[in-house]
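>>> Please work out how this folds:
(chains A, B, C, D, E and F)
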4 protein chains.
Amino acid sequence: MAAKSKEEVVQEYRIESIQEATMRVIGRKGMAAATMQEIADEAGVAKGTIYLYFRDREELVEKTFESAILRLMDRVDAALDQEIGIDAKIRAVMAAHVGFFGENREFFRLYLSLRMPEGPATRQRRQKQHCQPHYRVRAEKFAKALEDAMDRGEVRRGDAYKLALFIIEGSTAIILERLNEDAPPSEEVDLDLITGLILDGIRKRS
Amino acid sequence: MAAKSKEEVVQEYRIESIQEATMRVIGRKGMAAATMQEIADEAGVAKGTIYLYFRDREELVEKTFESAILRLMDRVDAALDQEIGIDAKIRAVMAAHVGFFGENREFFRLYLSLRMPEGPATRQRRQKQHCQPHYRVRAEKFAKALEDAMDRGEVRRGDAYKLALFIIEGSTAIILERLNEDAPPSEEVDLDLITGLILDGIRKRS
Amino acid sequence: MAAKSKEEVVQEYRIESIQEATMRVIGRKGMAAATMQEIADEAGVAKGTIYLYFRDREELVEKTFESAILRLMDRVDAALDQEIGIDAKIRAVMAAHVGFFGENREFFRLYLSLRMPEGPATRQRRQKQHCQPHYRVRAEKFAKALEDAMDRGEVRRGDAYKLALFIIEGSTAIILERLNEDAPPSEEVDLDLITGLILDGIRKRS
Amino acid sequence: MAAKSKEEVVQEYRIESIQEATMRVIGRKGMAAATMQEIADEAGVAKGTIYLYFRDREELVEKTFESAILRLMDRVDAALDQEIGIDAKIRAVMAAHVGFFGENREFFRLYLSLRMPEGPATRQRRQKQHCQPHYRVRAEKFAKALEDAMDRGEVRRGDAYKLALFIIEGSTAIILERLNEDAPPSEEVDLDLITGLILDGIRKRS
DNA sequence: CATGAATGAGAATTCATTCAT
DNA sequence: AATGAATGAATTCTCATTCAT
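Residues are numbered from 1 along each chain as shown, chains lettered A, B, ... in the order given. Presented below is the predicted three-dimensional model:
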């Protein structure tokens, strides 16, 4: 059995604590002001140690972003994979988002900095952006669920990918707003708002 | 008549061309990699000249962002101020966005970098964030239009501010996606998609 | 006879007001922080105008220093040229210093920056130091008076030049201290102190 | 025994060699023209290394000045603390000065730049002037010795602080003159001159 | 003559990255 | 493997000087 050697365990632990430190520091100072030194201090390791596990700052940030977003996507996948109606599915996906960002508030800044593709010709100083795929992957997964619902007649036909983009970004805006609110309403209230909006729009119907 | 002296004209021209250069360079390289030197080169002036018109890099970026966003908001305001139903109004607002971003593609990166409040404790190195207000102002204006529509019975009652956030961010995602598409569909198609989604949701109705 | 043309008068007036401005700004900000812009503003002329009358910053500062020190030296010369005993002469010289610095408080900083030879190999960025001569000239004039007094038997024989240096710098220290005192004593008191020290030393005699 | 760890030794060595380089460069180029790059080159380290040991240029210059002046003051204190008559004491103090400046010729320019309080409103760009105290402290220590001598009847009563200023600055002038002389006389000759002048003045007595 | 916008060399400072211990 | 002192490229910003108007 894949029994991890002590070295592997230590290694994984290091990687994790460095990534957590990275997220905390970027969450605190913002992407541009987060220095390797401060990240190292936060992680309780020496600056040089970081370079044993990550090629450079860019890779560190990217991998940190990726591993967080993967955890988010795991939750979202779990929601999407359920055999439930599109109503419940959307609600579950949104609940996954709300829960994740609530538990990982420091991820916020990192997410804002890297979530979107930066278009062509980006590869400069900071940010060489191999991250773009995730954005698409996430949207595509959601689009797939929408297409299934379209097939089942639950949802009107349309460009599922763009709908997915709209829904993800729109709901993210609300979720991030929650983080800034002094007294956010219960999750239920915001979830109702989001799912209601997505499913039925804002138009009043008799 | 407020006849502008020659100096004022020249001054305005300088400011404009520097801001345009700023937008182009940030559009090309990204916020972090855009250096004063490259902006100066792009604008065809010396580095020092920029400092005659802007206190420092921060003010340059901020003012550049602001003047662009003001142009966007002018268009949006024009759309919102029309005496038309919420359907048409939303479509007009979205059309304003699509048009603006289509004409100002370089603004994209700058917009992504500065549009959102960065939450508490941001005031670091770069970005003292006087930009935040615009984000809220824009959302609030839109929220006001929604509230009016609620009063008129066109729209279901709900948290207008959060609805506005959702709509703005969601539609922005689609608009930005257009910029990356090799062969974007006609504006009409995307506008139909967006307004349809906002007004009626995705649910299929018999 | 040398009737000054209007142009010459204007020219002299310009030079004078620029030099006065230079002294005031250096007096206020210190040598290093005094910029051409601020000097121009203080003088009420454009930056470029200064360069019509002075080759560069260095020449401006030097000439400003020189013209002030020449005024000081005129007073000192007047004191030295009197046909009076060395006691009275020293007192008169010191009175000239006290009076001059009292009237030209802004000169203080400039004086501190330039008074002394800076040794070999100075010619750098700021300060190419053609000013050194004055320091020596002043000391030599004073030394000449001491030598005369030695010849007349009023003063013990010794290295008149070094005595002069000692006396000038020592008394300057006291005079500058006056400028910093909130409530300086009457000039007479400090003059008694200085001349007493120079002439009779500090030793108590029966 | 406070055995220093190797790191501490290395650290102290670095600090010392950077400070020595600072003194040499300022001695050679003058305060204003001494750049961090040249100081680094002179010290044989990289520019960045200096910033590991000193916050900024100002702190570097200040600390360099201070540590030199402290060494001078140690010597002066040793002279002042001796239980000897004022004659011998003054001579010893002056000998300390002569010796120190002879051994630290590069300190000269730094000393000229920072020794004196620059009067009110100095706190500008360069020089926040924590250096002022030393000037006063040194004068006050010397004044204290003079007061003791007054109490013992060796010295006439008078404003001890101003006398001290006079003596320090006056003798410094002579000592600095030595540094510029091609063939300075023996120390003894100058010391005789200085102490004679201070104690007995220049007046010839029968 | 006077102006002041424009210039660009040059200075301080930061920080990702390396490498000897 | 871990460290952290050292590095130096890169960046921002300043300001003396020039020159077209």
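>>> what about A:R109, helix or strand, and which?
helix A:107-114 (DSSP states H and E).
>>> mind listing what the residue in chain A that chain D sits nearest to touches?
When you check chain A against chain D by C-beta to the nearest C-beta, the closest residue turns out to be A:Q37, at 11.8 Å. The C-beta positions use only the backbone N, C-alpha and C, and glycine is treated the same way. Counting by C-beta atoms under 8 Å, 6 or more residues apart in numbering or on different chains, A:Q37 touches A:K47.
>>> still on that earlier bit, show me how far the following helix or strand past the helix holding A:R109 is from its chain's centre.
With elements assigned by DSSP H and E, the helix or strand that comes after helix A:107-114 is helix A:132-151. On the basis of C-alpha atoms, centre = their mean, to the nearest Å, helix A:132-151 sits 15 Å off its chain's mean C-alpha point.
>>> quick one: helix A:132-151 near chain B?
Yes. Against chain B, helix A:132-151 shows contacts by C-beta under 8 Å from any C-beta of the partner chain at A:L146, A:M150.
>>> avg pLDDT for that helix?
Averaged across helix A:132-151, the pLDDT comes to 89.
>>> so after it, what's the next helix or strand?
Downstream of helix A:132-151, the next assigned helix or strand under DSSP H and E is helix A:160-180.
>>> could you check the angle helix B:160-180 makes with the helix or strand following that following helix?
Per DSSP H and E, helix A:160-180 leads on to helix A:187-200 as the next helix or strand towards the C-terminus. Helix A:187-200 and helix B:160-180 meet at an angle of 50 degrees, taking axes from the mean of the first three to the mean of the last three C-alpha atoms, to 10 degrees as the criterion.
>>> who in chain A is up against DNA strand F?
A:E7, A:V10, A:Q11, A:R14, A:V45, A:A46, A:K47, A:G48, A:T49, A:Y51, A:L52, A:R125 (C-beta under 7 Å from any atom of the strand).
>>> Weed out the non-buried ones from these.
Among the residues of chain A next to DNA strand F, those buried by neighbour count (16 or more other C-beta atoms under 10 Å in any protein chain shown) are A:R14, A:V45.
>>> now, which of the residues of chain A next to DNA strand F lie close to chain C?
When the residues of chain A next to DNA strand F are checked against chain C using C-beta under 8 Å from any C-beta, none falls in range.
>>> Of the residues of chain A next to DNA strand F, which belong to strands?
Among the residues of chain A next to DNA strand F, no member falls in strands (DSSP state E).
>>> Now distance to C:N180 and pLDDT too, for the residues of chain A next to DNA strand F, in TSV please.
Output for these, formatted as TSV (distance: C-beta to C-beta, whole Å; pLDDT from 0 to 100):
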residue	distance to C:N180	pLDDT
A:E7	69	81
A:V10	65	87
A:Q11	65	89
A:R14	60	94
A:V45	53	97
A:A46	50	97
A:K47	48	97
A:G48	52	97
A:T49	54	97
A:Y51	55	98
A:L52	59	97
A:R125	51	40
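>>> wait, which of the residues of chain A next to DNA strand F is closest to D:S171?
Ranked by distance to D:S171 (C-beta to C-beta), these are led by A:K47 at 51.6 Å.
>>> From chain B, how far off is the residue nearest to the closest one when sequence neighbours are not counted?
Distances taken as C-beta to C-beta, 6 or more residues apart in numbering or on different chains place A:A40 nearest to A:K47, at 4.5 Å, with adjacent residues excluded. Applying C-beta to the nearest C-beta, to the nearest Å, the value for A:A40 to chain B is 18 Å.
>>> Might you report the residue contacts of A:A40?
A:A21, A:A46, A:K47, A:T49, A:I50.
>>> I'd like those as CSV, with distance to A:R71 appended.
Formatted as CSV, the contacts of A:A40 follow (distance: C-beta to C-beta, whole Å):
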residue, distance to A:R71
A:A21, 17
A:A46, 27
A:K47, 27
A:T49, 24
A:I50, 21
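>>> Filter these down to just the ones in helices.
The helices, defined by DSSP state H, take in A:A21, A:K47, A:T49, A:I50 from the contacts of A:A40.
>>> any low-confidence regions in chain A?
When residues are selected by pLDDT under 70, those of chain A lie in A:1-3, A:117-132.
>>> If we use 80, what do you get?
Scanning chain A for pLDDT under 80 picks out A:1-4, A:116-133, A:206.
>>> Taking it, what residue is nearest to chain B?
As assessed by C-beta to the nearest C-beta, chain B sits closest to A:G170 within chain A, at 2.9 Å.
>>> what's around that residue, how many residues?
For A:G170, the count of nearby residues is 27 (other C-beta atoms under 10 Å in any protein chain shown).
>>> same question, the one 5 residues further on
Summarising burial for A:I175: neighbours were counted as other C-beta under 10 Å, giving 23.
>>> what's the answer for the one 3 residues further on, then?
Taking other C-beta under 10 Å as the neighbour definition, A:R178 ends up with a count of 15.
>>> I'd like the distance from the strand or helix carrying A:V93 to the chain centre, please.
Using DSSP H and E, A:V93 falls within helix A:86-103. Centroid separation for helix A:86-103 versus its chain: 12 Å, with C-alpha atoms, centre = their mean.
>>> where does chain A come near DNA strand E, residue by residue?
Within chain A, the positions near DNA strand E by C-beta under 7 Å from any atom of the strand are A:A33, A:A34, A:T35, A:M36, A:Q37, A:K47, A:G48, A:Y51, A:D56, A:R57, A:E58.
>>> Which one of those is nearest to C:R152?
A:Q37 (73.8 Å).
>>> now the closest one: how far from D:A40?
Using C-beta to C-beta, to the nearest Å, A:Q37 is found at 21 Å from D:A40.
>>> again, but for A:L179
For A:L179 relative to D:A40 (C-beta to C-beta), the value is 46 Å.
>>> same thing with A:L146?
61 Å.
>>> Next: A:K144.
Distance, A:K144 to D:A40, by C-beta to C-beta: 59 Å.
>>> Pretty sure A:E58 sits in a helix.
Yes. Counting by DSSP: H, G, I helix; E, B strand; the rest coil, A:E58 is part of a helix.
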